[in-house]
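# no letters, just coordinates:
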C-alpha cells in the first residue's frame, strides 16, 4: 500500500466515523426532545429563539472540535 492509499484510508475512516457519530447524536437528541414533549402531553415545537440557540451551540461545538488538532492548549 503506497502513501496515497494510506492517506485516503484514514480520511475515509474518519469521515465515516464522523457521519455515524453525527447521525447517532442527532437521533438521540430527537428522541430526547420527543420524549420530553410526550411527557408534557404536547407536540414538539421549537421556537425561532430555541432554533437559534441550538444552532449557536452546534457552531460552538464545531469550533471546539477544530481546536482539538491545534495542540496549543
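Looks like it arrived, so ask away. Not measured: the values here are computed from a predicted model.

# scan this structure for its longest helix.
helix 3-40 (DSSP state H).

# now the angle between helix 3-40 and the next helix or strand after that helix, please.
For helix 3-40, the following helix or strand on the C-terminal side (DSSP states H and E) is helix 48-68. Angle, helix 48-68 to helix 3-40, by axes from the mean of the first three to the mean of the last three CA atoms, to 10 degrees: 150 degrees.

# just checking, what packs against helix 48-68?
With contacts taken as 3 or more CB pairs under 8 Å, 6 or more residues apart in numbering; DSSP states H and E, helix 48-68 sits against no other helix or strand. Quick note: C-beta positions are derived from backbone N, CA and C, even for glycine.

# buried stuff in stretch 13-23?
Within stretch 13-23, no residue qualifies as buried by neighbour count (16 or more other CB atoms under 10 Å).

# give me the contact list for that stretch.
Stretch 13-23 has contacts (CB atoms under 8 Å, 6 or more residues apart in numbering) with no other residue.

# and the longest helix of the chain, average pLDDT?
Helix 3-40 shows an average pLDDT of 89 in the prediction.

# and that helix, how far from the chain's centre?
6 Å (CA atoms, centre = their mean, to the nearest Å).

# against residue 61, how distant is residue 68?
Residue 68 sits 11 Å away from residue 61, going by CB to CB, to the nearest Å.

# between those two, tell me which one has more neighbours.
residue 61 (11 against 8; other CB atoms under 10 Å).

# measure the more buried one to residue 41 for me?
31 Å.

# equivalent analysis for residue 55, please.
Taken as CB to CB, the span from residue 55 to residue 41 is 27 Å.

# more neighbours: these two, which one.
residue 55 (10 against 6).

# just want the phi and psi numbers for residue 69.
phi -80, psi -10 (degrees, to the nearest 10).

# number of nearby residues for it?
Per other CB under 10 Å, the neighbour tally for residue 69 reads 7.

# could you check how far the most centrally placed residue in the chain is from residue 43?
By CA atoms, centre = their mean, the chain has its centre lying nearest to residue 22, at 4.2 Å. Distance, residue 22 to residue 43, using CB to CB: 26 Å.
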